[in-house]
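[1] based on what follows, work out the 3D shape:
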Amino acid sequence: MKNTLYGIGLDIGVASVGWAIVGLNGTGEPVGLHRLGVRIFDKAEQPKTGESLAAPRRMARGMRRRLRRKALRRADVYALLERSGLSTREALAQMFEAGGLEDIYALRTRALDEPVGKAEFSRILLHLAQRRGFKSNRRTASDGEDGRLLAAVNENRRRMAQGGWRTVGEMLYRHEAFALHKRNKADDYLSTVGRDMVAEEASLLFQRQRELGCAWATPELQAEYLSILLRQRSFDEGPGGDSPYGGNQVEKMVGRCTFEPDEPRAAKAAYSFEYFSLLQKINHIRLAENGETRPLTQPQRQQLLSLAHKTPDMSLARIRKELALPETVQFNGVRCRANETLEESEKKEKFACLPAYHKMRKALDGVVKGRISSLSISQRDAAATALSLYKNEDTLRAKLTEAGFQAPEIDALAGLTGFSKFGHLSLKACRKLIPHLEQGLTYDQACSAAGYDFKGHGAGERAFTLPAAAPEMEQITSPVVRRAVAQTIKVVNGIIREMDASPAWVRIELARELSKTFGERQEMDRSMRENAAQNERLMQELRDTFHLLSPTGQDLVKYRLWKEQDGVCAYSLRRLDVERLFEPGYVDVDHIVPYSLSFDDRRSNKVLVLSSENRQKGNRLPLQYLQGKRREDFIVWTNSSVRDYRKRQNLLREKLSGDEAEGFRQRNLQDTQHMARFLYNYISDHLAFAQSEALGKKRVFAVSGAVTSHLRKRWGLSKVRADGDLHHALDAAVIACTTDGMIRRISGYYGHIEGEYLQDADGAGSQHARTKERFPAPWPRFRDELIVRLSEQPAEPLLDINPEFYCEYGTEHIRPVFVSRMPRRKVTGPGHKETIKGAAAADEGLLTVRKALTELKLDKDGEIKDYYMPSSDTLLYEALKAQLRRFGGDGKKAFAEPFYKPKADGTPGPLVRKVKTIEKATLTVPVHGGAASNDTMVRVDVFLVPGDGYYWVPVYVADTLKPELPNRAVAQGKPYSEWKEMREEDFIFSLYPNDLVYVEHKSGLKFTVQNADSTLEKTRTQTSAFVYFVGGSISTASITIRTHDNAYGIPSLGVKTLKTFHKYQVDVLGNVFPVHKETRQKFR
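    Prediction:
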């Protein structure tokens, strides 16, 4: 295929890349499908929470660091006790081992009034070092867990002052709030005290013991002990030594300026960056009046700049008032909000102005009114940069002092929050651009005037394939987006290598969710579900009220618009006969701004009108069509009845110049979101394209999802996400066919279909006859070809469907689309689950675990299920059983109130929260005398025992740390000791999640659909299949598999009786290759 001219279509989502290769004619227009495919990968985030995949590792690392420092602090206290002669480690160990010691809180209280021995005082000092209280390492801690801890500290300060307790220890010993427990429980910070409160207690105890005659409690010992007790590394310093996490991590992560590579990027809170951003926003404001748009005048810009320095938030309504704009003048680009008046929409459209500047202004006004105006720009920038970079108060104060701030000003600034993010330009670049922006230039014009290359692209060397890691990749901070881009690069490079030629062009569409946060994506999903539910309710109304057996999507649009318009025609304002609503030729859904001009298919550009009105309006705007009183009535109705702001703008638009129409089209045809621009630039800058003068210079196109969605529907292509992953390839084919030539053909089609309205020489209107022209397709029978190519038998009818293309291209190499999945070969992670359980009989697979009383249940014999050793405390067991029986075995109801252990005399004893129960576990990890459940199964090793069938051995993260691999194969219902031992010579291959296997079963494989909403048959049986391995279950001794497209799966498949079990490899394009016998890989 060396001289094949082809184009690439890419549908890029957060966990998928659909791709299509189309053959092109000499002008770059598609004429046939070379190949389709899908690449699926896991989102680079925690599935349930959206947190970073590195978060558990980071938390575990932080915990290890805290435990290590705590152990070091304890060792240092022991060493201090030995040096001072108070006690020795051995003597203290003997004392602790002997037991019978006085309650430590009672001892801490007694030491305030009585002399205590050296050993007793040593106990106190060790205890205080272990329970030294909370001190936030941040400047502010009003939110999150730090905020809750500080709230508890403040409450205990109040409690301590109110009770007149001299020390924390005395309060904990004597106050009734701490009678039941003195340690914090889950989500309960009752006993949290401040570090300074513990330090005060230690100092007072030393002082009182000196006063009581204990000469060994010297001030020198006190000072040395307090230095150990209070030491804490600065947040900005990080860990010491050669740790890669040492130093200020925020400072290390700040990138380089786009235009000044030697300069760090500016903090977004820096005044220069905020002012630079404000000028851009003001310069981009466009006012629309009578169909014409214009920028603000210089005096108007100055008015807004002055207002922005007085108030932190401006709405468009406030700007309208400030500039005294009449209602006939409208702001371009106001976000569409349904059912809102113009005033309501403009009030909600916020225009953020210098937020950090105003925070600093208010803080400094508390010191000297108007102080910020006397600060230099450099001082404002320095303060905001320091607040963004440094979280430790000492470091921050030092930086603010360097910037020339006085102590009261530093006190005011140090408490400010919300300073964290960084921009794309340096302070130097911002300062160079600001004078040009102040003249009213747009960003691109200001860059040119300042001597910067606004585009900053195209100067580098282009290569046959895309680089995996160019410097621009550093711009991507989201792991989800970074993975999606990396997988896209792999797909593009795979296509180029397979075609053995450079593409003529690349067209990309990015899912809207790709640039959204986890929370925003969740909100989008919720909104889509609500919209789908509402549509289903309306569909049911159509079936029930209008007796439509199979209402269509267009019927639904008509019905929704009829409701929104209160049952009147939008142009004639005549009442619509609801009985005729779905009668052919009675009403039409009309595009307000003709689709041929705007390519806007949103609801804000649609109205329901009589078909006769639609024919007469033709290819015009409503106000160009309506005249006289009808026009006046229409304007009144629109202003009073149409609450959707964008729709109202469209309805009241008086004219659309050629430039405006082109701008309209480009906005709706092109995807302008940030990540689409990034990929557009990345591919344009680094990829070499096929040489052809006919194709022009522009070779990368970011296509709008709204347009491809419209084309998909018009071409009769259904997209059912629940049916599997092949719809991504379908979308990619549509994207590949959304060329400039296709757009021109579609525009012409709608121009004819809308009945293009022309002015003759006398100014009278004339209307073209409507044609019976079919909606343009990329090539004849495009839909048939695409559906066949997505089927399981794609090659057979292609010569009949597209003979010209396939006679040249051939069909012998065409295979069904095979979805490629990114394998998971990760072998690191937690070695075991966090909960450490007691080893009751580990060799028999029995563990003890403490279970809350509310989780207890009765078994079929009326006994407490899985209770551990009832005979050890029959009184407690019988009381618990009686309570459960009283509430029908419902633990939540039975123990909703506190339950106290009964004493022999019948009086209540201690509070009982949890009891020991038995838990079965086949495989565990020994930890500190107990056992914990294994965490992640990283792979399974498959063996073929001659004459006995297939077996598999689970390999967990914990096994990767051992010198030898496990060699016992799973056996259902048997303890580990009875699992069959495998021989190394019988090993055939290892399987990681998403590895491909070929399985054949003599009695057939019964697959079930993966998604309950699927329109496919619920079950499917076949004797063999290529499937992806998902995971293994030791409880059922089975594996889970799914089909390549995730349409079907088998949740539990036993491997022993498989007739064939072979491993295959899949490349990024879905090409399948057999894997021959492997060597079993060890980890150490």
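
[2] can you tell me the helix or strand for the residue lying closest to A969 once chain neighbours are set aside?
    Of all residues not flanking A969 in the chain, Y951 sits nearest, at 3.6 Å (Cβ to Cβ, 6 or more residues apart in numbering). The way it works is simple: take the backbone N, C-alpha and C, and place the C-beta from them, glycine included. Using DSSP states H and E, Y951 maps to strand 949-956.

[3] residues in contact with that strand?
    923, 925, 934-945, 965-970, 980, 982, 990-991, 1032, 1034, 1039, 1055-1058, 1061 (Cβ atoms under 8 Å, 6 or more residues apart in numbering).

[4] now do stretch 863-878, average pLDDT.
    Across stretch 863-878, pLDDT averages out at 91.

[5] which positions in that stretch come out as buried?
    Neighbour counts using 16 or more other Cβ atoms under 10 Å place I864, D866, Y867, Y868, L876, Y877 of stretch 863-878 among the buried residues.

[6] in this structure V1068 contacts V491, no?
    Yes. Using Cβ atoms under 8 Å, V1068 makes contact with V491 at a distance of 5.7 Å.

[7] pLDDT score assigned to N619?
    We note a pLDDT of 80 for N619 in this prediction.

[8] what about it, distance to E120?
    Using Cβ to Cβ, to the nearest Å, one gets 96 Å for the distance from N619 to E120.

[9] what about the helices in the stretch 251-400 of the chain?
    Listed from the start of the chain, the stretch 251-400 of the chain has helices (DSSP state H, counting those that start in this stretch) covering 271-284, 298-308, 316-323, 342-348, 355-365, 377-389, 393-402.

[10] can these go into a markdown table with extra columns for mean pLDDT, distance to G519 and mean neighbour count?
    Converted to a markdown table, the helices of the stretch 251-400 of the chain look like this (pLDDT from 0 to 100; distance: least, Cβ to Cβ, whole Å; neighbours: other Cβ atoms under 10 Å):
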| stretch | mean pLDDT | distance to G519 | mean neighbour count |
| --- | --- | --- | --- |
| helix 271-284 | 93 | 24 | 21 |
| helix 298-308 | 92 | 29 | 16 |
| helix 316-323 | 87 | 26 | 18 |
| helix 342-348 | 73 | 20 | 17 |
| helix 355-365 | 93 | 21 | 19 |
| helix 377-389 | 94 | 23 | 22 |
| helix 393-402 | 89 | 30 | 17 |
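
[11] domain ranges for the chain?
    With automatic domain parsing as the criterion, the domains of the chain are listed as 86-215, 271-312+353-449, 846-920, 936-1074.

[12] what's the closest of these to R677?
    domain 271-312+353-449 (12.3 Å; Cβ to Cβ).

[13] give me the low-pLDDT residue ranges for the stretch 201-350 of the chain?
    For the stretch 201-350 of the chain, applying pLDDT under 70 flags the ranges 235-249, 290-291, 333-342.

[14] all strands of it, in order?
    286-289, 292-295, 313-315, 330-331, 350-352 (DSSP state E, counting those that start in this stretch).

[15] list the buried residues for the strand holding Y951?
    Judged by neighbour count (16+ other Cβ under 10 Å), strand 949-956 contains these buried residues: Y950, Y951, W952, V953, P954, V955, Y956.

[16] check stretch 580-598 too.
    Along stretch 580-598, these residues count as buried under the neighbour rule (16+ other Cβ under 10 Å): 581-582, 587-588, 590-598.

[17] follow-up on the earlier one: dump the helices of the stretch 251-400 of the chain into a markdown table; add distance to V636 as well.
    Putting these into a markdown table (distance: least, Cβ to Cβ, whole Å) gives the following:
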| stretch | distance to V636 |
| --- | --- |
| helix 271-284 | 33 |
| helix 298-308 | 30 |
| helix 316-323 | 22 |
| helix 342-348 | 14 |
| helix 355-365 | 41 |
| helix 377-389 | 51 |
| helix 393-402 | 60 |
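
[18] for K421, find the nearest of those.
    Nearest to K421, of these and by Cβ to Cβ, is helix 377-389 at 7.5 Å.

[19] and the contacts of the closest one?
    248, 250-251, 254, 266-272, 356-357, 360, 372, 375, 396, 399-400, 402-405, 413, 416, 419-422, 427, 431.

[20] so K1063 lies in a strand, does it not?
    Yes. The assignment for K1063, made by DSSP: H, G, I helix; E, B strand; the rest coil, places it in a strand.

[21] do you know how far the residue nearest to A969 is from I496?
    43 Å.

[22] buried residues in the host helix or strand of F96?
    In this structure, F96 is located in helix 89-98 according to DSSP H and E. By neighbour count with 16+ other Cβ under 10 Å, helix 89-98 contains the buried residues L92, M95.

[23] which strands and helices lie in contact with it?
    Packed against helix 89-98, as judged by 3 or more Cβ pairs under 8 Å, 6 or more residues apart in numbering; DSSP states H and E, are the following elements: helix 55-84, helix 118-130.

[24] could you redo the last one with a cut-off of 7 Å?
    Helix 89-98 sits against helix 118-130, with contacts defined as 3 or more Cβ pairs under 7 Å, 6 or more residues apart in numbering; DSSP states H and E.

[25] got the contact list for the helix it packs on?
    The list of residues contacting helix 118-130 from outside it, by Cβ atoms under 7 Å, 6 or more residues apart in numbering, reads 73-74, 77, 81, 86-87, 91-92, 95, 104, 107-108, 111, 198, 201-202, 205, 209, 216, 225, 228-229.

[26] buried subset of the residues you listed as a ChimeraX selection?
    The following ChimeraX selection, which keeps only the buried ones among the contacts of helix 118-130, applies the criterion 16+ other Cβ under 10 Å:
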select :73,77,81,86,87,92,95,104,107,108,111,198,201,202,205,209,225,228,229
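
[27] about what we covered before: between the strands of the stretch 201-350 of the chain, which one is nearest to G888?
    Closest to G888 of the strands of the stretch 201-350 of the chain, according to Cβ to Cβ: strand 350-352, at 55.7 Å.

[28] returning to that earlier point: of N619 and E120, who's got more company?
    Between N619 and E120, counted using other Cβ atoms under 10 Å, N619 has the larger neighbour count: 22 against 19.

[29] was I right to think the more buried one contacts H752?
    No. With contact defined as Cβ atoms under 7 Å, N619 does not count as touching H752 (9.0 Å).

[30] follow-up on the earlier one: now, among the buried residues of stretch 863-878, which is nearest to V22?
    Nearest to V22 among the buried residues of stretch 863-878, with distances taken as Cβ to Cβ, is D866, at 62.1 Å.

[31] ramachandran coordinates for the closest one?
    Torsion angles at D866 (phi, psi; degrees, to the nearest 10) stand at phi 60, psi 20.

[32] what of the one 4 residues further on?
    Note on P870: backbone dihedrals following degrees, to the nearest 10 are phi -60, psi -30.
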